[in-house]
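Colleague: Could you work out the structure for the sequence below:
(one chain, ligands or ions: 2)
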Amino acid sequence: MNTRIFNSTDKKEIDEAAALLKEGKLVAIPTETVYGLAADALNPKAVADIFKAKGRPQDNPLIVHISEFSEIYPLVKEVPDNAKALAEKFWPGPLTIILPKSDIIPDEVSAGLATVAVRMPSHPVARAIIKSAGVPLAAPSANSSGLPSPTKAEHVIDDMMGKIEGIVDGGECAVGVESTVITLATNPPRLLRPGGITPEQLRSVLGEIEIDSAVTNKLKEGAVAASPGMKYKHYSPKAEVYIVKGTFSSFRCFTDEVMAEGDYAVCFDGEEKNLKLPCFCYGSEDSPSQQAQKLFAILRDADKKGAKRVFVRCPSMEGVGLAVYNRLIRAAAFRVINVPEIIGLTGQTGAGKTTVAELLKEKGGYVIDCDIAARKIVEKGSPVIEKLKEAFGEDIVFENGELNRKALAKKAFSTEENEKLLNKITHPAITELVRKDIIENKDNFPFFAVDAALLFESEIYDYCNRTIVVCADENIRLQRIMSRDSISREEALLRINAQPSEQYYLSKADVVVKNNGGEIILADLF
Ligand code: TXA
Ligand code: MG
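Modeller: Ligands and ions are numbered 1, 2, ... in the order given. I've put the predicted structure just below:
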């Protein structure tokens with residue numbers, strides 16, 4: 001078949017494309033979401049051809065597109081008030097509403113279901129074509145089944161050339177992901193597919209809505225999909241896609257480490273400068289709409305470059321981000337890699353590490369205090385206590401088996417050699433405890449902060465993606481130590497002088513936080 005490309009700016013060509021549709025032929029049309037593969041929705045033979053051209057499973061129903069609100073009436077049993085309210089607010093636009101269907105909807109469209117999905121697109125070309133054809137148009141995304149949806153005419157050409165009658169070129173799609181699908185056939189209404197209209201926007205009209213679990217999770221084996229489209233492999237390029245959860249810094253460390261021939265990264269704008277992998281940028285980190293607009297084109301471009309693996313920075317799931325995540329998780333066949341960042345937090349005594357640790361907790365991080373870990377490993381009966389007894393003698397424990405800290409300190413700090421021996425026994429146990437804590441919690445936090453006075457001397461340092469050194473003026477530190485530990489100025493000075501110099505800490509810091517008591521700003525960290 002010869003596939004004709006129509007120019008959407010020419011009214012005559014629009015009418016010609018519409019005439020083909022009216023005759024029962026297939027024509028791909030631009031919409032604001034993605035390109036659709038259209039046919040007369042009331043012509044069962046034409047609709048059956050859509051399934052053939054796409055290679056689409058027969059049980060996956062289609063969306064019927066209209067150009068005016070009044071055109072919904074013949075398609076459904078009735079138009080409830082909540083449908084009117086949604087249409088009033090979001091039509092024309094990227095929202096599909098499911099309602100019990102009328103008898104004129106062929107089974108081919110609804111795939112045998114008792115409901116029909118209806119949408120009024122906002123793209124002027126789409127509406128002009130529907131109007132000119134004079135029939136509602138059934139239109140799934142115009143990709144071969146399973147591939148990323150087309151957001152440019154060239155994507156449709158790649159998938160459909162020779163298989164359909166025509167393609168109307170309307171430029172790039174503005175939204176970039178398919179419409180939000182909500183069913184009003186359930187109570188409360190249920191979101192089946194997130195898109196350009198967000199759950200918050202839907203709630204503003206409908207009040208309570210449910211979000212189908214298939215939106216973010218894999219459908220369980222044998223479960224019935226509320227929306228049949230959810231159960232199929234989707235949006236998948238040939239490359240293996242991986243979603244990488246964590247901060248940018250952990251993403252960078254991870255990709256630097258695993259990178260191999262054929263690997264690509266999908267990152268937020270500006271991050272490409274600091275990555276070794278070749279990158280596709282999918283918009284600003286705080287703009288899910290930009291990410292949505294670019295995502296599918298990037299997945300197709302990755303295939304064109306012959307990408308083997310694509311590592312994608314995980315989008316936020318807020319607002320339109322939910323739609324971006326929903327498409328990505330399917331493109332990635334549910335492969336998600338958690339790489340929480342590990343931040344080492346250190347500084348001289350009295351510098352105010354604890355205040356910074358609290359701020360990191362507020363940012364959603366999990367803070368591990370090595371002082372606490374150091375106490376845990378010498379609990380009564382622990383293997384470390386046994387080793388310490390072997391090294392320093394039985395009298396470092398009380399009769400009840402508890403550690404006698406004073407006795408241990410006296411022996412361990414008597415010579416440099418003894419101090420080394422103490423560290424050799426305790427440090428690996430502390431590191432192990434910290435490691436376990438991180439592994440146990442790694443799926444629940446975007447980053448970890450390990451608060452360790454001796455960070456640079458310990459093995460934990462090897463696990464850190466970045467280090468924060470907290471510092472403060474010496475007289476401020478002196479005051480803090482004196483009041484914290486109720487000791488004299490001389491004693492406080494002794495402690496300060498027992499530690500390495502500030503210069504030593506600063507030379508090893510990735511980030512320096514000055515904490516003289518004023519406001520601390522950590523914004524640049526993330
Ligand atoms: O933005 C869009 O919606 C694009 C453009 C072309 O309008 N169309 C689109 O169609 O994405 P399609 O066929 O790729 O996706 C339609 C989705 C599928 O997941 C399908 O299972 C679901 O809507 N769907 C259609 N009718 C349904 C029904 N009666 N009940 C439940 N789900 C339905
Ligand atoms: Mg589709």
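Colleague: what does this protein put close to ligand 1?
Modeller: Within the chain, the residues that sit near ligand 1 (C-beta under 6 Å from any ligand atom) are 31, 33-34, 36, 60-63, 96, 98, 110, 113, 115-117, 119, 121, 139-141, 178-179, 181, 192-193, 227-229. All C-beta spots, glycine's among them, are computed from the backbone N, C-alpha and C.
Colleague: now, which of those lie within strands?
Modeller: Judged by DSSP state E, strands contain the following of those: Gly36, Ile63, Thr96, Ile98, Thr115, Val116, Ala117, Arg119, Val181, Leu192, Arg193.
Colleague: will you turn those into CSV that also has neighbour count?
Modeller: Shown next, in CSV, are these (neighbours: other C-beta atoms under 10 Å):
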residue, neighbour count
Gly36, 31
Ile63, 25
Thr96, 23
Ile98, 27
Thr115, 18
Val116, 27
Ala117, 27
Arg119, 29
Val181, 24
Leu192, 24
Arg193, 23
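Colleague: Go through those residues and say which is closest to Glu13.
Modeller: Distance to Glu13 across these (C-beta to C-beta) is lowest for Gly36, with 17.3 Å.
Colleague: Quick check: bridge partners of the closest one?
Modeller: Ile29, Ser141 (DSSP bridges).
Colleague: cool, the one 4 residues further on as well?
Modeller: On the basis of DSSP bridges, Asp40 takes part in beta bridges with Leu137.
Colleague: was I right about it contacting Ala46?
Modeller: Yes - with contact defined as C-beta atoms under 8 Å, Asp40 reaches Ala46; the gap is 4.9 Å.
Colleague: Give the residues shared as contacts by these two.
Modeller: Gly24 (C-beta atoms under 8 Å, 6 or more residues apart in numbering).
Colleague: hey, where'd the helices end up in the stretch 51-200 of the chain?
Modeller: With DSSP state H, counting those that start in this stretch as the definition, the stretch 51-200 of the chain shows helices at residue ranges 81-90, 107-110, 124-133, 153-160, 199-206.
Colleague: As TSV, the ones you listed with mean neighbour count and mean pLDDT would be great.
Modeller: Putting the helices of the stretch 51-200 of the chain into TSV (neighbours: other C-beta atoms under 10 Å; pLDDT from 0 to 100) gives the following:
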stretch	mean neighbour count	mean pLDDT
helix 81-90	16	98
helix 107-110	20	96
helix 124-133	21	98
helix 153-160	21	98
helix 199-206	16	98
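Colleague: mind putting those helices in JSON lines, distance to Val397 included?
Modeller: Converted to JSON lines, these look like this (distance: least, C-beta to C-beta, whole Å):
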{"stretch": "helix 81-90", "distance to Val397": "71"}
{"stretch": "helix 107-110", "distance to Val397": "76"}
{"stretch": "helix 124-133", "distance to Val397": "80"}
{"stretch": "helix 153-160", "distance to Val397": "72"}
{"stretch": "helix 199-206", "distance to Val397": "59"}
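Colleague: Assign the closest residue to Glu457 other than its chain neighbours to helix, strand or coil.
Modeller: Nearest non-adjacent residue to Glu457, counting by C-beta to C-beta, 6 or more residues apart in numbering: Asn423, 7.8 Å away. When classified by DSSP: H, G, I helix; E, B strand; the rest coil, Asn423 comes out as helix.
Colleague: Can you report how many residues lie near the closest residue to Val470 other than its chain neighbours?
Modeller: Closest residue to Val470 apart from its sequence neighbours, by C-beta to C-beta, 6+ apart: Gly347 at 3.6 Å. Neighbours of Gly347 under the rule other C-beta atoms under 10 Å: 26.
Colleague: got a pLDDT number for Glu257?
Modeller: pLDDT, Glu257: 86.
Colleague: Quick check: which element contains it?
Modeller: Taking DSSP states H and E as the criterion, Glu257 maps to helix 248-258.
Colleague: Would you pull up how far that helix lies from the middle of the chain?
Modeller: Here the centre of helix 248-258 is set off from its chain's centre by 16 Å, with C-alpha atoms, centre = their mean, to the nearest Å.
Colleague: buried sites along it?
Modeller: Of all the residues in helix 248-258, those buried under the rule 16 or more other C-beta atoms under 10 Å are Phe248, Ser249, Ser250, Phe251, Arg252, Cys253, Phe254, Thr255.
Colleague: swap in stretch 437-445?
Modeller: Neighbour counts over stretch 437-445 (16+ other C-beta under 10 Å) mark Ile438, Lys442, Phe445 as buried.
Colleague: For the ones in strands among the residues of the chain next to ligand 1, could you give me a markdown table that also reports pLDDT?
Modeller: Formatted as a markdown table, those follow (pLDDT from 0 to 100):
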| residue | pLDDT |
| --- | --- |
| Gly36 | 98 |
| Ile63 | 98 |
| Thr96 | 98 |
| Ile98 | 98 |
| Thr115 | 98 |
| Val116 | 98 |
| Ala117 | 98 |
| Arg119 | 98 |
| Val181 | 98 |
| Leu192 | 97 |
| Arg193 | 97 |
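Colleague: what's the most distant pair in the residues you listed?
Modeller: Farthest pair in those, by C-beta to C-beta: Gly36 and Thr115, 19.4 Å.
Colleague: in the helix or strand of the chain with the lowest mean pLDDT, what counts as buried?
Modeller: One helix or strand of the chain scores below all others by mean pLDDT, DSSP states H and E: helix 460-463, with a mean of 87. The neighbour-count check on helix 460-463 (16+ other C-beta under 10 Å) flags Ile460, Tyr461 as buried.
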